[in-house]
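**Q** what follows is a protein structure lacking sequence information:
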């Protein structure tokens, strides 16, 4: 996924002289060729995420399209106010591309985890929030963001799924045919835990904001199991608003509202299993939801 | 050109009628903004967005009453705009926004105008576009880590089209200004607010690096009671009697 990010951004730098890339000492080696080719427009600002974000806002105010990149909690959490003021309030476009997702850097500990990033960016009016599972979606989101000049948050993960599904165009893709009133909503890489042969419809969501509310209104599910690869309950209010005034029962498998290392460490896969991100647990939770 | 005393009266009048505003912090930076618009920027309501024109960013956004008074004197905004400060559908608020003619950036959260100005300077450097970027910061604001990140970044990016102006009004009187800028090879100077060479210093610019100008001013400059008790007047509006007395003092 990071390789796709490097390839697409390098191509965009070649095609569009408004594109600038700002790095905060992360992925500097991966972009070495782009830096050599575009020394003016590929800037490693060093470890200064707040500075990077506001400088990017100044570049945007002067007509450039900045792409800012570093590890998720530092790009989003540390520089949250710079994103809000520099881009949100000013009404400027730019793309924040992060690595690390919720707990890709699992063993690095809670300072390097970012399960709050999506919730934070949902509070910035006008921010598009993308949580892709597939490398091809990274390409689509980046090109679309530059073309439209939109304000975007693109959360990369090492948990990428191999496949051809692409939710970057419409934000979400419906898999299977609804045959009852229950539905699984799989956000980003959690799609890997869904069984395509299962009788319940699965809505794969790549773009959390703008929220694909129209799809919910067409499908009108009464019971929803949401697989959220970030803090659990982050999407609950969006689903309820989409279906209002219809009643809906929502259950979520997600990251609990706690710091993940209180009970030790583990690899990303081990944390996945501990949190219930497994095909077996998805089936179990669906059965329980249907029994309610 | 509108006199400094008339601009001071406009600040007091505007804040009094709105019931809002950082008067003392606006008075300290008023002469700086006046000199910039009268003698340095060379911009009008018709051409201020043209490519290559100088840009002014008020990083210490709470000093906006001074900016509003000067923008009004130069025809960017109207008396009605000043009368409507803080009202529903009003253009002006307690901090400046980029909706206002002559105002490039929305500021108010301290420590963000300077790094955004650094980005604007870099943009002109990439495009080889002329036009100086002037950014006015408060001395207290320079305590923000993001301001210090911006100083280092400006030095790293190496451009001379950025002038960092500090309104040293005593919010942080102990700041060692040369020690802040000189390690980054930035040149600059320190002057008093009433200095007759302020315009020349503002026009000086750097050679290869951004330059700085620290201007020592009293908070509440021009109003005796505010200069005497600046903390008490940080965000306070005069009573009707105080208003009459201050306006009389400024006559």
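**A** Now that the structure is in, tell me what you want to look at. Treat the numbers as computed from the prediction; the structure is a model and nothing was measured.

**Q** buried ones in stretch A:187-202?
**A** Within stretch A:187-202, the residues scored as buried using 16 or more other C-beta atoms under 10 Å in any protein chain shown are A:187-194, A:200-202. Backbone N, C-alpha and C define where each C-beta goes, glycine included.

**Q** partner strands of the longest strand seen in chain A and their direction?
**A** Scanning chain A for the strand with the most residues, using DSSP state E, yields strand A:223-231. Sheet pairing for strand A:223-231, assigned by DSSP bridges, gives strand A:182-187 (parallel), strand A:249-255 (parallel).

**Q** now do the helices in the stretch 101-250 of chain A.
**A** For the stretch 101-250 of chain A, applying DSSP state H, counting those that start in this stretch gives helices covering A:117-121, A:135-148, A:213-219, A:236-243.

**Q** which bits of the stretch 1-150 of chain B sit near chain A?
**A** Counting by C-beta under 8 Å from any C-beta of the partner chain, the stretch 1-150 of chain B comes close to chain A at B:97-98, B:104-106, B:108-109, B:111-112, B:114-126, B:145-146, B:149-150.

**Q** distance from stretch A:260-268 to the middle of the chain?
**A** Taking C-alpha atoms, centre = their mean, to the nearest Å, one finds stretch A:260-268 lying 22 Å from the centre of the chain it belongs to.

**Q** likewise for stretch B:28-40?
**A** Averaging C-alpha positions (C-alpha atoms, centre = their mean) puts stretch B:28-40 8 Å from its chain's average.

**Q** on that earlier part again, any chance of the strands paired with strand A:223-231 in CSV, with mean pLDDT too?
**A** Shown next, in CSV, are those (pLDDT from 0 to 100):
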stretch, mean pLDDT
strand A:182-187, 95
strand A:249-255, 97
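
**Q** for residue B:48, which residues are in contact?
**A** With contacts defined as C-beta atoms under 8 Å, 6 or more residues apart in numbering or on different chains, the neighbours of residue B:48 are B:76, B:101-102.

**Q** quick check: the gap between it and chain A.
**A** 14 Å (C-beta to the nearest C-beta, to the nearest Å).

**Q** list the buried residues for stretch B:232-241?
**A** For stretch B:232-241, the neighbour count (16+ other C-beta under 10 Å) marks B:233-234, B:236-238 as buried.

**Q** and which of these is nearest to residue B:134?
**A** residue B:234 (25.0 Å; C-beta to C-beta).

**Q** the residue nearest to that closest one when sequence neighbours are not counted: what secondary structure?
**A** Distances taken as C-beta to C-beta, 6 or more residues apart in numbering or on different chains place residue B:24 nearest to residue B:234, at 6.1 Å, with adjacent residues excluded. The local conformation at residue B:24, judged by DSSP: H, G, I helix; E, B strand; the rest coil, is helix.

**Q** now residue B:189
**A** strand.

**Q** is the residue nearest to residue B:234 in contact with residue B:238, as I believe?
**A** No: using C-beta atoms under 8 Å, residue B:24 is not in contact with residue B:238, being 11.4 Å away.

**Q** okay, and the helix or strand of chain B with the least pLDDT?
**A** Every helix and strand in chain B was compared by mean pLDDT, DSSP states H and E; the lowest is helix B:177-181, with a mean of 93.

**Q** quick one: residues contacting residue 153.
**A** Chain wasn't specified; assuming chain A. Taking C-beta under 8 Å, 6+ apart as the criterion, residue A:153 is in contact with A:76, A:95-96, A:98, A:117-118, A:121, A:127-130.

**Q** nope, chain B
**A** Residue B:153 is in contact with A:45-46, A:48, A:51, A:55, B:115, B:118, counting by C-beta under 8 Å, 6+ apart.
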